[in-house]
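**Q** Here is a sequence together with a model predicted from it:
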Amino acid sequence: MRVAIVTESFLPQLNGVTTSVCRVAECLREQGHKAVIIAPGPGPSSFAGHLVRTIPGFTVRGFRAGIPTAALTRTLRDFRPDVLHAASPFLVGARGLQAAEHMDIPSVAIYQTDMPSYVQQHGPGPIGRGAAEITWRWIRGLHEKAGRTLAPSQPTLDELRARRIPRTALWGRGVDTTLFTPRWKDDQETKDLRRTLAPNGEVLLGYVGRIAPEKELHRLVELATIPGSRIVIVGEGPSRTEIGALLSEAVARQSGRPNLPPVFLGKRSGEELARAYAAFDVFVHTGTKETFGQTLQEAAAMALPVVAPGVGGPLDLVAHGVTGYHFDPDRSGDLRRWSTALVEDAALRESMGAAGLERVRNRSWSALTEQLVGHYATTIDEHRTAA
């Protein structure tokens, strides 16, 4: 099968969309398919044996966005794909879906980023709500052009259907269980990192991801004074200075013997990211607008218990009371309540971590890509039938 992947984000930008595109591209190659990747530049000229065509781009709040140009259409015409894969379509993806419709190419759209919620968060009151509704109308219009829209979690699928997005189905995300494995806990560099982060045996509460307003990291203030713990953050973003000051001040105000200040490890990937996970005791996620939550799966693959909001994607990924806890984002102190339960009980951390690991054992990217190819094939068949 020949697949044209049109994505809003790609290397060197690291985020959930990029990760999904990279893993799918690798697995498509392994399974004998051919792809071309069309993405905002600058970027590599090839990836996993596939050609990469870059288009002009610009940066907004740390995100690299593409400018749809005629090069996109030319690439599709030259490559002659069997199906177009629109990864988290918005600007570039909209142009890709439009071109696919014009060129009679079957298309599958992957819904991944809750753009309406992000837009609403950056606008005050009625302005934000109005902007979110406008964004939803845009999203509905572009997804109506897709032969099928795939949602990463049941709550997100329900939201898309409530918003009258047609032809929807569920497709989750894989996790690299070769890279993300509890075996890293025995690695000497991991042990050295842990001794540095927890010199007095502190329980490490870790977060991995973008440091930005939409991730709601201000909620970590609730954890700053849990006795015997320390907050560790992996990632970068526009809120780095603000969140650092907020958490450091919360620790400094603590009476008695204050915790060590939070530590920021910066952006990490590959083995360095795996070592950071392995140094944690508990994984904490704070964002309430996640359609999925890939880092929650990575943490589970590292045998970490997870505390995450009881809304959106985490509802599918965290079994409350089994692999971790859901906290109520509307109840002050609820994040602290469940995190404290894990800080105080090492046996509970171990049992929940083991349960989480068991749940992700069969979520390999290879298996998920086979499912995706099945969606491609069904979409192609439906397209032919409708012609």
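**A** Perfect, thanks for sending it.

**Q** Mind jotting down where the helices sit in the stretch 151-300 of the chain?
**A** Ranges of helices in the stretch 151-300 of the chain, per DSSP state H, counting those that start in this stretch, are 154-162, 188-197, 240-252, 270-279, 294-301.

**Q** Serialize those to CSV and add fields for distance to residue 317 and mean pLDDT.
**A** For every residue, glycine as well, the C-beta is placed using N, CA and C. Below are those laid out as CSV (distance: least, C-beta to C-beta, whole Å; pLDDT from 0 to 100):
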stretch, distance to residue 317, mean pLDDT
helix 154-162, 11, 95
helix 188-197, 24, 98
helix 240-252, 24, 96
helix 270-279, 15, 97
helix 294-301, 5, 97
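
**Q** isn't residue 64 right next to residue 55, touching?
**A** No. Counting by C-beta atoms under 8 Å, residue 64 sits too far from residue 55 to count as a contact (11.0 Å).

**Q** so what's residue 141 up against?
**A** If you count contacts by C-beta atoms under 8 Å, 6 or more residues apart in numbering, residue 141 has none.

**Q** if I look at it, how far off is residue 89?
**A** 11 Å (C-beta to C-beta, to the nearest Å).

**Q** and if you look at residue 49?
**A** Taken as C-beta to C-beta, the span from residue 49 to residue 89 is 24 Å.

**Q** Which of the two has more residues huddled nearby?
**A** residue 89 (28 against 12; other C-beta atoms under 10 Å).

**Q** element containing the more buried one, please.
**A** Assigned by DSSP states H and E, residue 89 belongs to no helix or strand.

**Q** That one contacts residue 142, correct?
**A** Yes. Residue 89 is within contact range of residue 142, at 5.7 Å (criterion: C-beta under 8 Å).

**Q** So residue 75, which state does it fall into?
**A** helix (DSSP: H, G, I helix; E, B strand; the rest coil).

**Q** dump the residue contacts of it.
**A** Going by C-beta under 8 Å, 6+ apart, the list of residues near residue 75 reads 4, 36, 38, 53.

**Q** hang on, the earlier thing: now do the shared contacts for residue 89 and residue 142.
**A** By C-beta under 8 Å, 6+ apart, the residues touching both residue 89 and residue 142 are 97, 109.

**Q** most tightly surrounded among the helices of the stretch 151-300 of the chain?
**A** helix 294-301 (a mean of 26; mean count of other C-beta atoms under 10 Å).

**Q** What is the subsequent helix or strand relative to that one?
**A** Next along from helix 294-301, by DSSP H and E: strand 306-309.

**Q** Quick one: neighbours of the residue nearest to residue 295 when sequence neighbours are not counted, just the number.
**A** Using C-beta to C-beta, 6 or more residues apart in numbering and skipping the chain neighbours, the partner closest in space to residue 295 is residue 208 (4.7 Å). Using other C-beta under 10 Å, residue 208 is surrounded by 23 other residues.

**Q** Show me what residue 208 is bridged to.
**A** For residue 208, the beta-bridge partners are residue 234 (DSSP bridges).

**Q** List the contacts of it.
**A** Residue 208 neighbours (C-beta under 8 Å, 6+ apart): 233-235, 273, 276-277, 283, 295, 298-299.

**Q** Now do the strands in the stretch 101-250 of the chain.
**A** 107-110, 148-151, 168-170, 203-208, 229-234 (DSSP state E, counting those that start in this stretch).

**Q** Mind listing the strands the third one pairs with, and their directions?
**A** Put plainly, it is strand 168-170. Here, using DSSP bridges, strand 168-170 pairs with strand 148-151 (parallel).

**Q** contacts for the partner strand?
**A** Contacts for strand 148-151 (C-beta under 8 Å, 6+ apart): 107-111, 143, 157, 159-160, 165-171, 291, 372, 375, 378-379, 382.

**Q** Mind giving me the ChimeraX command for buried ones among these?
**A** The following ChimeraX line selects those of these that are buried, judged by 16 or more other C-beta atoms under 10 Å:
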select :107,108,109,110,111,143,157,159,160,165,168,171,291,372,375,379
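
**Q** Assess the claim that residue 367 and residue 174 are in contact.
**A** Yes. With contact defined as C-beta under 8 Å, residue 367 counts as touching residue 174 (6.8 Å).

**Q** more neighbours, these two?
**A** residue 174 (23 against 13).

**Q** correct me, but the more buried one touches residue 371?
**A** No. Using C-beta under 8 Å, residue 174 makes no contact with residue 371, being 9.3 Å away.

**Q** picking up where we left off before, I'd like to know which of the contacts of residue 75 is nearest to residue 308.
**A** Minimum distance to residue 308 across those is 33.0 Å, recorded for residue 38 (C-beta to C-beta).

**Q** That closest one falls within a helix, correct?
**A** No. Counting by three-state DSSP, residue 38 is located in no helix; its state is strand.

**Q** wait, isn't it in contact with residue 5?
**A** Yes. Taking C-beta under 8 Å as the definition, residue 38 is a contact partner of residue 5 at 6.9 Å.

**Q** quick one, which of these two is more surrounded?
**A** Set residue 38 next to residue 5 and count neighbours by other C-beta under 10 Å: residue 38 wins out with 29 against 26.
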